[in-house]
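# Here is my input, please return the structure:
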Amino acid sequence: MDSSKRKFLALSGLTIASSLCGSETAGTPKEKTLPKSNKAAIPDTNKPRVVVLGGGWSGLSIAKTVKEFSPQADVVLVESRHEFISCPISNLWLVDKVNLEYITHDYLQAARNYNYTFFNATAINVDKKNRILQTTQGDIAFDYLVLSPGIDYDYSRWTTDTALVARLRQEYPAGFIPGSEHMTIKNKIHNFKEGNFILTVPGGNYRCLPAPYERACLIADYFKQKKLKAKVIILDENNAITIKKKGFSSAFDELYADYIEYVPNSTIKNIDLDKKVVTTEMDEFTFADAAFYPRVRGAKIIETMGFAKDAKDMMEGHINPITYEVIGEQNIFIAGDARPMGFSKSGNTSNIEGKYVGKVVARRINKEQSPRWESPITLCFSAISLKPFNAIYIYTKYSFDKKDKNPKNIKFIDWQKFSFTETISNENWKKTGKVDADSILSWADALYFDMFGAK
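Residues are numbered from 1 along each chain as shown. This is a model prediction of the structure:
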């Protein structure tokens, strides 16, 4: 790997340097005891307790970082899944480049290695007045609560027919919430015989902007290697490829001219699953199989808990963009893909952002000044082909709009106040793809080690 690639991997970072600005403090924690009938199986403590809801790339990073910078804190990570399955790298698993073990990791191992508590439960609601998180496995008292529940799908722009939505979820899952959805899509790919395989790309700031295009390339590569009479049709709601346009366009045209049909401005008007026909504003497309990726929204639990009136567009002004704290709720934060800022909804971004949020919480526990706001980093590698193994990458930081001289004055979120800055990309897969492709697994190894203490 050349020096420039090492620099990018280093910048993706396992730490974010911080400096000081402002001062925020918290009171002395009270002993947290609950009625035995409702209490979760967690020991009582008089230490400040931080409850992190959501064990994705953000939540794992937050839990580890709070404990690192405030060792006296009692940190509890609440997650409904029994094990972690990575959405990043999952496209490579779909076509057998990596095995399932590579993208599956142990929450208990992470908790042991970083000295926090993993609590396997589903959150139901929160008692804000008494500072209690209600879960399926009992109530947990907290001093600080960080919500990192990720995304939900929003099918409402396509249909309000609940029966159709249920069929889309079960028969044609999007594959951007890890687990069973990916398993279903992998079976679809490996059992495909011939015809059109439709993939959709949603509008808005959806989870992992390049992933649908990468998936299209890898499925087309698989069909090509198998010499199937098959085509991947990409119905993109956007007017052009949203990211890494040069690299993906050249791959579509030069590697998969007979296997990929890219259709921009494809606003879906109707999906007939019985006839297997998708109708857009401009045309109709038949399909043998498909994976329908709708728009995304902030997780519904944010609304259920009363922290946002409507998280549907994830643009509601409900958190402070500097501290990630919910407006009007002291020491309750929202981070990760559920946050409404215009940052990329990707693993690397959430991991780096999580370190910053973890420091905000830790310094508040320590009665220290908050860290200066620093941009998350998006370092993203996308595979273009497997034989040979080629990829493209992009490295991006973010900034506030230059019109806002002092971003600390922003009380309510407006994602448009953020802009991309310092974007570096390499989309010439013909010359440097092998190095970039190898970097995909190096990147994943580093981030898995960071979150779990092991690859």
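# so the nearest residue to residue 40 once chain neighbours are set aside bridges to which residues?
Leaving out its chain neighbours, the residue that sits closest to residue 40 by CB to CB, 6 or more residues apart in numbering is residue 138, at 3.3 Å. The C-beta positions use only the backbone N, C-alpha and C, and glycine is treated the same way. Assessed by DSSP bridges, residue 138 has beta-bridge partners residue 135.
# ok, residue 138 - contacts?
38, 39, 40, 41, 121 (CB atoms under 8 Å, 6 or more residues apart in numbering).
# hmm, try it at 7 Å
Residue 138 sits next to 38, 39, 40, 41 when contact means CB atoms under 7 Å, 6 or more residues apart in numbering.
# Within the sheet, what are the partner strands of the helix or strand harbouring residue 396, with directions?
Here residue 396, judged by DSSP states H and E, is contained in strand 390-400. Strand 390-400 has the following strand partners under DSSP bridges: strand 377-385 (antiparallel), strand 418-426 (antiparallel).
# hmm, back to that, now the buried members of the contacts of residue 138.
Restricting these to buried positions leaves 39, 40, with burial counted as 16 or more other CB atoms under 10 Å.
# before we move on, back to that, pull out the buried positions in the strand holding residue 396.
Under the neighbour-count criterion of 16+ other CB under 10 Å, strand 390-400 has 390, 391, 392, 393, 394, 395, 396, 397, 398, 400 buried.
# Alpha carbons of it, in PDB - could you do that?
Coordinates of the C-alpha atoms in strand 390-400 are reproduced here as PDB (Å, rounded to 0.1, in the frame of the first residue of the first chain):
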ATOM      1  CA  ASN A 390     -11.000  -3.700  -8.000                       C
ATOM      2  CA  ALA A 391     -12.400  -0.900  -6.000                       C
ATOM      3  CA  ILE A 392     -12.700   2.900  -5.800                       C
ATOM      4  CA  TYR A 393     -12.700   5.100  -2.700                       C
ATOM      5  CA  ILE A 394     -13.700   8.500  -1.400                       C
ATOM      6  CA  TYR A 395     -12.500  10.400   1.700                       C
ATOM      7  CA  THR A 396     -14.700  13.300   2.900                       C
ATOM      8  CA  LYS A 397     -14.800  15.700   5.800                       C
ATOM      9  CA  TYR A 398     -17.700  18.200   6.500                       C
ATOM     10  CA  SER A 399     -18.000  21.800   7.500                       C
ATOM     11  CA  PHE A 400     -20.600  24.300   8.400                       C
END
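# now what about it, what contacts it?
8, 11, 243-244, 247, 343, 375-384, 407, 417-427, 429, 433-434, 436-437, 439-440.
# still on that earlier bit, which of the strands paired with strand 390-400 comes out lowest on mean pLDDT?
Lowest mean pLDDT within these: strand 418-426, at a mean of 78.
# what distance separates that one from the centre of its chain?
In this view, strand 418-426 has its centroid 19 Å away from the chain centroid, taken as CA atoms, centre = their mean, to the nearest Å.
# right, and the helix or strand after it?
Heading C-terminal from strand 418-426 (DSSP H and E), you reach helix 429-452.
# Show me what that next one packs onto, helices and strands only.
Helices and strands touching helix 429-452, by 3 or more CB pairs under 7 Å, 6 or more residues apart in numbering; DSSP states H and E, are helix 3-12, helix 57-69, helix 107-114, helix 347-365, strand 377-385, strand 390-400.
# Ok, which of those comes nearest residue 449?
Of all the helices and strands packed on helix 429-452, helix 107-114 sits nearest to residue 449, with 10.0 Å by CB to CB.
# Pull out the buried members of the contacts of strand 390-400.
The neighbour-count criterion (16+ other CB under 10 Å) marks 8, 243-244, 247, 343, 375-384, 417-418, 425-427, 429, 433, 436-437, 439-440 among those as buried.
# What are the phi and psi values at residue 249?
For residue 249, the backbone dihedrals (degrees, to the nearest 10) come out as phi -60, psi -40.
# which SSE is residue 126 in?
strand 123-127.
# Pull the distance from stretch 121-128 to the chain's centre.
Here the centre of stretch 121-128 is set off from its chain's centre by 21 Å, with CA atoms, centre = their mean.
# now do stretch 290-307
Its chain's C-alpha centre and that of stretch 290-307 lie 12 Å apart, by CA atoms, centre = their mean.
# Rounded mean pLDDT for that stretch, please.
The average pLDDT within stretch 290-307 is 92.
# Enumerate the positions of that stretch that are buried.
Applying 16+ other CB under 10 Å to stretch 290-307 flags 290-299, 301-303, 305, 307 as buried.
# Equivalent analysis for stretch 269-278, please.
Result for stretch 269-278 [16+ other CB under 10 Å]: buried residues 271, 276, 278.
# Now go through the contacts of residue 138 and say which are in strands.
Counting by DSSP state E, none of the members of those fall within strands.
# Can you report phi and psi for the nearest residue to residue 211 once chain neighbours are set aside?
Computed as CB to CB, 6+ apart, the closest residue to residue 211 that is not its neighbour in sequence is residue 91, at 6.5 Å. Here is the backbone geometry of residue 91 (degrees, to the nearest 10): phi -60, psi -40.
# Just to check, residue 280 is in contact with residue 266?
Yes: counting by CB atoms under 7 Å, residue 266 is a contact partner of residue 280 at 4.7 Å.
# Settle it for me: which of the two has more neighbours?
Higher neighbour count among residue 280 and residue 266: residue 266, with 23 against 16, using other CB atoms under 10 Å.
# The more buried one should be in a strand, yeah?
No: under DSSP: H, G, I helix; E, B strand; the rest coil, residue 266 sits outside any strand and is assigned coil.
# How about it: what's its closest non-neighbour residue?
That would be residue 235: by CB to CB, 6+ apart, it lies 3.8 Å from residue 266.
# Please give me every residue in contact with residue 425.
Contacts for residue 425 (CB under 7 Å, 6+ apart) come out as 244, 393, 394.
# Would you indicate which residues of stretch 108-120 are buried?
110, 111, 114, 116, 117, 118, 119, 120.
# Between all of those residues, which two are separated the most?
The distance between the two most remote of those (CB to CB) is 16.7 Å, for 114 and 120.
# how about residue 432, what does it touch?
residue 426.
# Roughly how far does it sit from residue 393?
Relative to residue 393, residue 432 is positioned 9 Å away (CB to CB, to the nearest Å).
# which residues touch stretch 157-173?
Applying CB under 7 Å, 6+ apart, the external contacts of stretch 157-173 come out as 155, 181, 184, 185, 268, 271, 273, 290, 291, 292, 294, 295.
# change it to 10 Å
If you take CB atoms under 10 Å, 6 or more residues apart in numbering as the criterion, stretch 157-173 is touched by 153, 155-156, 174, 179-185, 188, 198, 200, 202-204, 237, 267-274, 278, 287, 289-295.
# Am I right that residue 424 is in contact with residue 379?
Yes: with contact defined as CB atoms under 10 Å, residue 424 counts as touching residue 379 (9.5 Å).
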